[in-house]
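Engineer: This is a predicted model, with the sequence first.
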Amino acid sequence: MEQVGATCPSQPAAYASLFGTFQFRTADHNEIAISNRRARALLGILCLAGNEAIERDSLSKLLWPGRFEAHARASLRQCLLDLGKLLAPHGPDILNVSRNSVALHPGAVLTDLAALEGALANGDLIAAIERIDAIGSKPILDQMDFGPAFKQWLAQRSGDAERRLRAAVEAGIATLNRAGDYETSARVREAWTARRNEAAPARAAAAGSGRTRIAVLPFRSVGGRDASDYFADGIAEELITALGQVPQLLVAGRTSSFHFRDSPLTPAEIAKALHVSHLVEGSVQRQGERLRIHIHVIDGVTGFESWAKGYDGSLDGIFALQATVAQAVTSAVGDALGTAMAPPPARGMTHSKQAYDLFLQGRALSARVFGDGVLSTAVGLLEQAVTLDPEFAEAWIALAEAHQLIAVYTPCLDRKAESERMADCARTAIGLTPGLGYAYSLLGVHQWTQNDVVGALDLAFQGYRLEPNNPAVCMRLGSFLLYCGRTTEAMQYIEAAIDQDPVDGRKFNLRSVGRFNLGDIDGAIEAGLRMVDLGFPSMWLAVATAASGQHDLAIEQYQQTRLLLNKVIFPPAGTEPMPPAMMDAYWQVAAHGVCSGRDADRATYCAMLDMMQTQLHDPADASIVLPAIFMGYPERLFEAVSHAISPANTLCLLSIWADVDPIRRIWQHPEFIPFAQRIGLAAAWDKYGWPDLLPAPSNRLETPPPLPN
């Protein structure tokens, strides 16, 4: 969507303030009083939409909800007539009204949002700092409320604007850092951080964003021989999914909320960590076929219980019971805020109680990811579930995800077969329920292994269109864009995923790499430290630390990664476990080769990678690909990835796109463009845009060499 004023027109007919209370001013900055609140909102909608035309039907539904269609359309016509008369003396070409849509004439209005985006795009960072300071913590179109549809529209548009600004700020900081202007870079970061910190309470409250942020904590299993954590977790997860369908709610991701299982923190501290205003806690008692679910809604500021209720039911009516609970929680949160909320739709996933129980067990094991045999056991349980009920779409998605996790996080001997099985399961889920966006994201992972990067991105964007508020879907799209070198664009999706799921180490890994690729070394280190706090490898932290010149600390950080062996990272498939002394020696060579900055250390580790590639079961194993990128060893990278792309080594591609030595040797290598053509990257650049770091190619081959057999 193009923003009005993104190129800062020299003589706009009017100016508009979108941040805070909407204001509309003449070319000489005198305010135009608009007494009709719907006319003011209509103009605000058009200003926020930029040059995009909004359909009349959409406008009438946003501003006159609940009215008969003909009445709403007539009200819109009259509103447009009145607004046109009011604006005519100040600029006859401000509004562009057609039979079916309404828009602003391009360049007619300059908004404070567009002016800030223009300053960032043009590299005028001093002006950008002043504008950031001026808008402060003000939300967009504050105090406008015409019902749920309007709130949802505004939340989506303002969220998109915030993500664009965040990405543009990060790109500006990266440009300043590359130019050596660290003083201005620090000022930009300070201004943006101050705005983000000041705005946090407003975003957590319902009034600022139009959506209430809540989190569902893991439920407790209580009493009886049949008490099962997996069943209680399943009830909580289904509540997360159901509440996520309510337009007025933004629900924290499962990874983050379940991080606080048995936490010693107070409810207020947990709510602050998750950036939510309310918590949902509960317990599940299961005895045979009977169920009792008790729910509490907690005020995230005070930590006090604002609502509680118990529900009785049976396994035969589990989905109806879950729907009742979800609707009651929605109503309770709405009552606490004085806002009417639409009830979530009921979900009936399967007719088989046994299939549902197997699904819950398998999904709970998949969520653990790490542990001897955990994922293979999960696959077995989920396969039983879909055998009992072949139309159980959610179980097919869970099975697809389990196969994907096996291909990435275990020493798998046949990653290609796991990827193909994942794709089959995802296609089955889509065939049963086309609206499940995460299934498209998983299918996109498989398309990478087919060297179909265009298809992978197409699927990731389709998944996002279907489930824009699913943090896993956002993260997948952001990661795909990182692999392609579209770092600035990727960061808006990664930050959106972190915003909703702020206690997931994998997402902070992506933030660390993205900040590093943008030249923000301090930001990369900060995100890397958070990633390690959450239990993920410190390799990327070590690489960023080495880039900052702290080589000894970086070596120590890289060596600490071995402590996570067999927990988060695994030895290559088909290899025998190394004795402790040999493992220490290997990790010392690796840490010095990647982080010391000494050519001799790099050469030693590169020679070791050469040897490993001839001996490993999988010559494209990530244990070869990732250090080859870190050390700027393009020949080894090109050979390994050209041999085969897998769900495991695809993750390594996001590390290519840094403008630091020695990594830049890869994308500056004369054979990089032909390599990118062979694996499908160049085709994706043609459709979705070239990488941030690459100029137009001069060595593109008309017919790239074929991939090896």
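Structural biologist: Alright, I've got the coordinates.

Engineer: Now the lengthiest helix in the chain: buried residues?
Structural biologist: Taking DSSP state H as the assignment, the helix of the chain that covers the most residues is helix 148-179. Across helix 148-179, burial judged by 16 or more other CB atoms under 10 Å covers 148-155, 157-159, 161-177. For the C-beta atoms, the positions are set from N, CA and C on the backbone; glycine is no exception.

Engineer: Stretch 318-328 too?
Structural biologist: For stretch 318-328, by 16+ other CB under 10 Å, it's Ile318, Phe319, Leu321, Gln322, Ala323, Thr324, Val325, Ala326, Gln327, Ala328.

Engineer: my read: the third one touches Leu291, true?
Structural biologist: Okay, so that is Leu321. Yes. At 6.6 Å, Leu321 counts as touching Leu291 under the criterion of CB atoms under 8 Å.

Engineer: which residues are common contacts for those two?
Structural biologist: Taking CB atoms under 8 Å, 6 or more residues apart in numbering as the contact rule, the neighbours common to Leu321 and Leu291 are Gly313, Ser314.

Engineer: all helices of the stretch 101-250 of the chain, in order?
Structural biologist: Per DSSP state H, counting those that start in this stretch, the stretch 101-250 of the chain carries helices over the ranges 112-121, 125-135, 148-179, 182-204, 206-209, 229-243.

Engineer: Distance from the last one to the middle of the chain?
Structural biologist: Helix 229-243 has its C-alpha centroid displaced from the chain centroid by 21 Å (CA atoms, centre = their mean, to the nearest Å).

Engineer: swap in the first one?
Structural biologist: Helix 112-121 sits 24 Å away from the centroid of its parent chain (CA atoms, centre = their mean).

Engineer: what separates the residue lying closest to Asp522 once chain neighbours are set aside from Asp601, distance-wise?
Structural biologist: Closest residue to Asp522 apart from its sequence neighbours, by CB to CB, 6 or more residues apart in numbering: Ser548 at 7.7 Å. Computed as CB to CB, to the nearest Å, the Ser548 to Asp601 distance reads 18 Å.

Engineer: out of those two, which sits in the busier spot?
Structural biologist: Higher neighbour count among Ser548 and Asp601: Asp601, with 21 against 14, using other CB atoms under 10 Å.

Engineer: per the record, what domains does this structure have?
Structural biologist: Domain assignment of the chain by automatic domain parsing yields the ranges 14-208, 211-337, 353-439, 469-688.

Engineer: In CSV: these, plus mean pLDDT and distance to Leu459.
Structural biologist: Output for the domains of the chain, formatted as CSV (pLDDT from 0 to 100; distance: least, CB to CB, whole Å):
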stretch, mean pLDDT, distance to Leu459
domain 14-208, 81, 21
domain 211-337, 78, 21
domain 353-439, 88, 9
domain 469-688, 87, 9
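
Engineer: Flag every buried residue along stretch 135-143.
Structural biologist: Ile135, Ser137, Lys138, Pro139, Ile140, Leu141, Asp142.

Engineer: what's the answer for stretch 669-683, then?
Structural biologist: For stretch 669-683, a neighbour-count test (16+ other CB under 10 Å) marks 669, 672-683 as buried.

Engineer: Dump that stretch to PDB, restricted to CA.
Structural biologist: Output of stretch 669-683 as PDB, limited to C-alpha atoms (Å, rounded to 0.1, in the frame of the first residue of the first chain):
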ATOM      1  CA  HIS A 669      31.600 -13.900  -4.800                       C
ATOM      2  CA  PRO A 670      31.400 -14.000  -8.600                       C
ATOM      3  CA  GLU A 671      29.600 -17.400  -8.500                       C
ATOM      4  CA  PHE A 672      27.000 -16.300  -6.000                       C
ATOM      5  CA  ILE A 673      24.400 -15.200  -8.600                       C
ATOM      6  CA  PRO A 674      24.600 -18.400 -10.600                       C
ATOM      7  CA  PHE A 675      24.400 -20.300  -7.300                       C
ATOM      8  CA  ALA A 676      21.300 -18.300  -6.400                       C
ATOM      9  CA  GLN A 677      19.800 -19.200  -9.800                       C
ATOM     10  CA  ARG A 678      20.400 -22.900  -9.300                       C
ATOM     11  CA  ILE A 679      18.600 -23.100  -6.000                       C
ATOM     12  CA  GLY A 680      15.700 -20.900  -7.000                       C
ATOM     13  CA  LEU A 681      16.600 -17.700  -5.100                       C
ATOM     14  CA  ALA A 682      17.000 -15.500  -8.100                       C
ATOM     15  CA  ALA A 683      13.500 -16.400  -9.400                       C
END
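
Engineer: can you start the count at 35 instead of 1 from here on
Structural biologist: New numbering, starting at 35: the last item is stretch 703-717.

Engineer: mind checking how far Ile589 is from Thr595?
Structural biologist: 11 Å.

Engineer: roughly how far out does the longest helix of the chain sit from the chain middle?
Structural biologist: Distance, centroid of helix 182-213 to centroid of chain: 13 Å (CA atoms, centre = their mean).

Engineer: Determine the set of other helices and strands touching that helix.
Structural biologist: When contacts are defined as 3 or more CB pairs under 8 Å, 6 or more residues apart in numbering; DSSP states H and E, helix 182-213 sits against helix 71-83, helix 90-97, helix 146-155, helix 159-169, helix 216-238, helix 240-243, helix 521-534, helix 555-567.

Engineer: Just the angle for that helix relative to helix 146-155, thanks.
Structural biologist: Angle of helix 182-213 versus helix 146-155, following axes from the mean of the first three to the mean of the last three CA atoms, to 10 degrees, is 20 degrees.

Engineer: quick one, helix 182-213 and helix 555-567 angle?
Structural biologist: Using the same axes, to 10 degrees: helix 182-213 against helix 555-567 is 120 degrees.

Engineer: Verify the stated contact: Asp369 with Val331.
Structural biologist: No. Using CB under 8 Å, Asp369 makes no contact with Val331, being 9.4 Å away.

Engineer: So these two - more neighbours on which side?
Structural biologist: Neighbour count, other CB under 10 Å: between Asp369 and Val331, Val331 has more, with 23 against 14.

Engineer: ok, the residue nearest to the more buried one when sequence neighbours are not counted - contacts?
Structural biologist: Distance criterion CB to CB, 6+ apart; nearest residue to Val331, sequence neighbours excluded, is Trp341 at 4.3 Å. The contact partners of Trp341, taken as CB under 8 Å, 6+ apart, are His330, Val331, Ala366, Asp369, Ala370.

Engineer: please redo it, this time with the cut-off set to 10 Å
Structural biologist: Counting by CB atoms under 10 Å, 6 or more residues apart in numbering, Trp341 makes contact with 312, 314, 329-333, 362-363, 365-367, 369-370.
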